[in-house]
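J.: Sequence and predicted structure, then a few things I'm wondering about:
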Amino acid sequence: MIKFKIQNSKFKILIAFWCTVLLFAGQVTLSDAFAASVGDRAPNFVLKDMTGTDISLYRFKGKVVFINFWATWCPPCKYELRYLNELQNKNKDVVVLAININKDRSDCAKFLGKNPVNVIILLDPDGNTVNAFKGKAMPVSYILDKDGTIRYIHFGFNENKDPQLWEKEIKELNGGKI
Amino acid sequence: MGAIKLRLFIATLIWLLTFSLRFAVAEDYIQGSTYYYDMKPNMTITKPTFSISKDLSINTNVLLRFNVDDVKIDGVTGATTSAGASTTVSSDTRKEGAASVSHTIGDWKVEAGYVFSSEKDYRSSTPSISVSRDFFQRNTTLAVGYSHSFDEDLNAVSGEKNVNNYSASLTQVLSPWTVMQVGYTFSDTNGYLASSYRRVIFRNGGEVPEYVPGDRNRDAVGIRIAQWLPTNGSIHLSYRHYRDSWKIDSNTYQVQIYQHLLKSVLVRGEYRHYSQDGAYFYKDSYAGTERYLTATTSLVPFTANLYGLKAVYTIDKAKLDLEAKYEKYHQSTGLEGDIYMLGVRYMF
Amino acid sequence: MKVILILLFLFSTGCAVVQPHQRETLSKPIMQFDYDKSEAAAKEHLYNSVEASSGGFGVGGGGCGCN
């Protein structure tokens, strides 16, 4: 009887442990379920640019939009910005929005002061917009078609593959035109 | 051989300094520091160090480090027990160089390293490799590593020593403000493990070179945690338990507190407590009939405390960090040390 | 057994994933273990010279977790 009780309490501990694991694993599943995916309409946002002007995503309807989330504390993000700059220079009718998620705006301003780019920089210090997209990497990029639907997602940055892939995908969304 | 390694090191350094990425992201740095150890009763060490970290690409990093230990000993050192000990070394210079290359492929990271050091009568060479993988959106990192040390005491007749080191660690992000690491290391050593300079004096007179077992297995498990503080600082806590086949058992507790006083001024306070048992063959005095005899002071039972304060001043426009540190180390054996450090780090 | 269960439980809380965009604090130098590798090497050399113990910790993990 005593042996059974001891085994019973060990069994309860094991059950409690696996319930906890499943509970947290469930959180992973839930958060993935709400992530913006290919085929979804991109969530709208209104963010300030570096001059303090409000910019809304829906203002760019009718154009292919390249949304990139980056931060100065993310080395591959900073490295990727140069390639986004080149992408914008080569594709004038595409809108490149580089959304910075630093909590402190001055960190972004300091970095851009030394490394200027000509893409549109938007500020998301509270993280509400990046949270709405729930990207599973940093950096993360979303390419939207002219209706605002997400067509391609890029997690991370691969210097050898991504710049060519972006060109190909944007050309496809622009109806074969660059 | 040492001269060739030094030239290779300097050539690599010059190449790294002239190599640049197209788009600077200021993750690279050059760092120079000088340490001064005032170890009582009678030893001082001046230790200039130099290191450089450079990203060769977005996925590849090189780290080079070089330092010199200029050791001066005044009079007799060694065991402070009645067994006594003596050394004939009054000064020595130890040079150490280290290089490592790391490369990231997706969730995997491989790092290969090499450390060499040489003194008047001691050489050491240690190649190493480690592999780590990230899981769960990089919230969990598992790493394993291996290194082999080829050491030689040139003063001894058969002074080779070989060490295999194995390590494993698991790092877990617990929250946006907390990270924890658990680690385990194991090493097996065989060869000449004594010091060719140390002599054991018998209680009835006479002395012999110390003689210790020719092998030693060691393992240690450690846990540490870093927690962000809302005062714009952080606290690091760590604990390590160690034991070896010489029956030495030790515990190490450490706490470090980082605090930004201003955006450009960071201070760190540190406290470390260490306690160990002695080696099973350690004795206060030897009759001469014992199989193993040692005069090595680090094998006796003792406790030690370290208190430290470090300050870093950042000059943003010049991309410079200026550092200064003071530490006080005290062992119950009587060994004491005041440690001073001045350094500068330049980010580019 | 207890220790294993506690450690497994602690690590299972990691399944409550910290999103990549939430890692700004973790990327700060004062949140890294052994951020200053040169200082860490100097300390390790001092302790290995005057104490009998060594080892205990591995490498990597934490930080920005960027891709």
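T.: Done, it's in.

J.: Without its sequence neighbours, what residue ends up closest to the residue sitting furthest away from the middle of chain C?
T.: Distance from the C-alpha centroid of chain C, by C-alpha atoms, centre = their mean, peaks at C:Val50 (24.7 Å). Leaving aside its sequence neighbours, C:Val50 sits nearest to B:Ser298 (C-beta to C-beta, 6 or more residues apart in numbering or on different chains; 5.7 Å). (C-beta placed from N, C-alpha, C; glycine too.)

J.: surely B:Phe186 meets B:Val163?
T.: No. B:Phe186 is beyond contact range of B:Val163, at 11.0 Å (criterion: C-beta atoms under 8 Å).

J.: Now do the residue farthest from the centre of chain C against A:Tyr142, distance only.
T.: According to C-beta to C-beta, to the nearest Å, C:Val50 and A:Tyr142 sit 56 Å apart.

J.: I'd like to know how many residues surround the closest residue to B:Tyr29 other than its chain neighbours.
T.: Distances taken as C-beta to C-beta, 6+ apart put B:Met347 closest to B:Tyr29, at 4.9 Å, once the chain neighbours are dropped. Using other C-beta atoms under 10 Å in any protein chain shown, the number of residues around B:Met347 comes to 17.

J.: ok, which stretches of chain A are strands?
T.: Assigned by DSSP state E, the strands in chain A fall at A:46-49, A:54-56, A:65-70, A:95-100, A:120-123, A:140-144, A:150-155.

J.: from these, which stretch is densest packed?
T.: Highest mean neighbour count among these (mean count of other C-beta atoms under 10 Å in any protein chain shown): strand A:65-70, with a mean of 25.

J.: Can you tell me the strand partners of that strand and which way each runs?
T.: Note on strand A:65-70: by DSSP bridges, its sheet partners are strand A:95-100 (parallel), strand A:140-144 (antiparallel).

J.: contact partners of it?
T.: The list of residues contacting strand A:65-70 from outside it, by C-beta atoms under 8 Å, 6 or more residues apart in numbering or on different chains, reads A:42, A:57, A:77-78, A:80-81, A:84, A:87, A:94-101, A:124, A:130, A:133, A:135, A:138-144, A:148, A:166, A:170, C:21.

J.: I'd like the average pLDDT over it.
T.: Averaging pLDDT along strand A:65-70 gives 97.

J.: and the angle from it to strand A:150-155?
T.: Here the directions of strand A:65-70 and strand A:150-155 differ by 20 degrees (axes from the mean of the first three to the mean of the last three C-alpha atoms, to 10 degrees).

J.: Backbone torsions only: list them for residue 52.
T.: Unless you meant another one, I'm taking chain A. phi 90, psi 10 (degrees, to the nearest 10).

J.: please go with chain C instead
T.: For C:Ala52, the backbone dihedrals (degrees, to the nearest 10) come out as phi -90, psi -10.

J.: count of neighbours near it?
T.: Counted with other C-beta under 10 Å, residues neighbouring C:Ala52 total 27.

J.: Report the residue ranges of every domain in chain A.
T.: A:1-33, A:46-173 (automatic domain parsing).

J.: Could you identify which of the ones you listed has the lowest mean pLDDT?
T.: domain A:1-33 (a mean of 52).

J.: Which secondary structure element is home to the residue nearest to B:Phe150 when sequence neighbours are not counted?
T.: Spatial nearest neighbour of B:Phe150, chain neighbours left out: B:Ser125 (4.6 Å); criterion: C-beta to C-beta, 6+ apart. If you go by DSSP states H and E, B:Ser125 is part of strand B:122-135.

J.: ok, the residue nearest to B:Tyr29 touching B:Ile52?
T.: No. Using C-beta under 8 Å as the test, B:Met347 is too far from B:Ile52 to be in contact (11.5 Å).

J.: what do the two both touch?
T.: Contact criterion C-beta under 8 Å, 6+ apart; residues shared by B:Met347 and B:Ile52: B:28-29.

J.: Show me where chain B has its helices.
T.: B:2-18 (DSSP state H).

J.: quick one: low-confidence ranges for it?
T.: When residues are selected by pLDDT under 70, those of chain B lie in B:1-6, B:9-10, B:12-26, B:75-89.

J.: Enumerate every residue touching the most far-flung residue of it relative to its centre.
T.: When distances are taken from the C-alpha mean of chain B, B:Asn204 lies farthest, 38.7 Å away, according to C-alpha atoms, centre = their mean. With contact taken as C-beta under 8 Å, 6+ apart, B:Asn204 is in contact with B:287-288.

J.: List the contacts of the closest residue to A:Ile120 other than its chain neighbours.
T.: For A:Ile120, ignoring the flanking residues on the chain, the nearest one in space by C-beta to C-beta, 6+ apart is A:Leu97 at 5.2 Å. Shown in contact with A:Leu97 (C-beta under 8 Å, 6+ apart): A:55, A:57, A:60, A:65-68, A:119-120, A:122.

J.: Ok, B:Gly343 next?
T.: By C-beta under 8 Å, 6+ apart, the contact set of B:Gly343 is B:31-34, B:322-325.

J.: picking up where we left off before, need the strands paired with strand A:65-70 in CSV with distance to B:Arg138, can you?
T.: CSV is the format used below for those (distance: least, C-beta to C-beta, whole Å):
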stretch, distance to B:Arg138
strand A:95-100, 20
strand A:140-144, 13
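
J.: Next, give phi and psi for the residue farthest from the centre of chain C.
T.: The phi/psi pair for C:Val50 (degrees, to the nearest 10) reads phi -110, psi -10.

J.: Now do it against chain A, distance only.
T.: 38 Å (C-beta to the nearest C-beta, to the nearest Å).

J.: so what's that residue up against?
T.: Per C-beta under 8 Å, 6+ apart, neighbours of C:Val50: B:297-298, B:304, B:329, B:331, B:335.
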